[in-house]
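Asker: Turn this into a structure:
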Amino acid sequence: MVVAAVLAGLIPSFLLVALGGLVRKRLSENAWTGLDRLNFEILFPALLFTAAASRPMDLGRVAVIGPSVWAILTLGLVAGYAARRFGPERFLDFAGSWQTAWRFNTAMGFVAVGTLTLADAGMMAVVAGMAVPLANIFAVSALSRGGNLGLWATVRRVALNPFLLASVAGVLVGISGWTPPGLILAPLHLLAQAAIPVALLSVGATMDWRALGRMDAFSAVLVGVKLLLLPAVTLGACLLLGAEPALAQVLTMFAALPTASAAHVLASAFGADRMRAATVVAQSTLLSALTLPLWISLVEFLT
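Answerer: Predicted structure coming up:
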C-alpha cells in the first residue's frame, strides 16, 4: 500500500516529463531555454519563498536540517570524485559532470515531499534553502578550478543565485513569525503554482531520452552515488541516530532526488563538456523514476 501511494503521487509528475519529451519540437530550443530562465529567475524563487514564509518556522529544526543537508552534499562531493579515474582527462570536463553527484532537482523535491506522510513543503523549502548555497559553492568552485573564474566572480555568482536569495528570505520570514500581507503573497502563490509543471515539461523537452544506452563506468559511478549511496547512508544515519520520523523522511527523500536538470547549462557556461554532463543528467533523471519511489516507500515503512 505504501508503494502504491508513493507511485500515485509521483507518476503524474513523471508523465509531465514524458509529455515534455513528446512536445519538445513544438517549441524552439531558444523557447525552452527562455522557459528555464523564467523558472530560474521568477517562478521557482516564488515557490521557495512562499513555501517557507507562509507558515511559522521552528528555528531548532532549521538548525538541525542545515548541517544534515550539508553533510549529504559533502558526501556526494567526496564520493563522486571516485569517478575521476574513469572520466575525461581535462579537469574542467570532469567537473562539469562531477557536480551531478551532489546537486539536486528542486522541482522533483517539491513533488516528492507531497508523497511523504509527515514532512511538508515548508520543510522542503528549508532543505532547499540550506542546500542551495553549498551545492552552488561546490559546483562553481570545482568548475572555477578547471576554468579561469576568479574568487570574486565565484562569490558573486553564488551570492546572487535567485534560489538562494528566495530561500533565505523565506526562511527568515518563517522564523520571524511574521505573515506577509495576502496582497503580496497572492501573486507569489500564482507564480509558484506554475513553477513545477513548467520545470517538469522543460526537463522532458531538453533531456536526451537515449542516454541510458550510453551508460559507462564514469556515469555509473556518478549516478550510483546520487541515487543509491546518498539515500542509503542518509537513511542509515537517521535510523542509527534516532532522528525524528519527519526529519528522516525529508532528508532521505532529498538525498534520493535526481541531479539538477540544469547542471549541463552551468557546465556549458564554464566551457566544460555540455553533452557529457547532459547525458549524466538524463541518466539520473530516468533512473530516478525507479529508485525514488523505492527510497520513499522504504523510509515511510521504517519510520
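Asker: residues making contact with stretch 239-249?
Answerer: The list of residues contacting stretch 239-249 from outside it, by Cβ atoms under 8 Å, 6 or more residues apart in numbering, reads 61, 64-65, 68, 116-119, 123, 235, 237-238, 251, 296, 299-300, 302-303. Backbone N, C-alpha and C define where each C-beta goes, glycine included.
Asker: one more time with 10 Å
Answerer: Among residues not part of stretch 239-249, those counted as contacts by Cβ atoms under 10 Å, 6 or more residues apart in numbering are 61, 64-65, 68, 113, 115-120, 123, 127, 234-235, 237-238, 251-252, 296, 299-300, 302-303.
Asker: Quick one: end-to-end distance for that stretch.
Answerer: Stretch 239-249 has its terminal residues 11 Å apart, counting by Cα to Cα, to the nearest Å.
Asker: For it, list every residue counted as buried.
Answerer: Buried residues in stretch 239-249, counted by 16 or more other Cβ atoms under 10 Å: 243, 245, 246, 247, 248, 249.
Asker: Let me see the mean pLDDT of it.
Answerer: For stretch 239-249, the mean pLDDT works out to 95.
Asker: and that stretch, how far out from the chain's middle?
Answerer: The gap between the average C-alpha position of stretch 239-249 and the chain average comes to 21 Å, counting by Cα atoms, centre = their mean, to the nearest Å.
Asker: Then stretch 69-86?
Answerer: On the basis of Cα atoms, centre = their mean, stretch 69-86 is displaced by 15 Å from the centre of the chain it belongs to.
Asker: ok, now stretch 170-190?
Answerer: Centroid separation between stretch 170-190 and its chain, computed with Cα atoms, centre = their mean, is 23 Å.
Asker: And that stretch, what's buried?
Answerer: So stretch 170-190, judged by 16+ other Cβ under 10 Å, has buried residues 170, 171, 173, 174, 175, 185, 188.
Asker: Quick check: next helix or strand after the helix or strand containing the last one?
Answerer: The reference is to residue 188. Counting by DSSP states H and E, the secondary-structure element that holds residue 188 is helix 182-206. Proceeding N to C from helix 182-206, the next assigned helix or strand is helix 217-224, under DSSP H and E.
Asker: Need the per-residue pLDDT for residue 158.
Answerer: pLDDT, residue 158: 68.
Asker: Does residue 277 belong to a helix, a strand or coil?
Answerer: helix (DSSP: H, G, I helix; E, B strand; the rest coil).
Asker: Isn't it up against residue 259?
Answerer: Yes. Judged on Cβ atoms under 10 Å, residue 277 makes contact with residue 259 at a distance of 9.4 Å.
Asker: Just want to know which of these two has more residues nearby.
Answerer: Set side by side, residue 277 and residue 259 show more neighbours around residue 259, with 30 against 27, by other Cβ atoms under 10 Å.
Asker: got the contact list for the nearest residue to residue 292 once chain neighbours are set aside?
Answerer: Sequence neighbours aside, residue 256 is the residue nearest to residue 292 in space, at 5.3 Å (criterion: Cβ to Cβ, 6 or more residues apart in numbering). If a contact means Cβ under 10 Å, 6+ apart, then residue 256 has 104, 108-109, 112, 226-228, 230-232, 234-235, 288, 291-296, 298-299 as its contacts.
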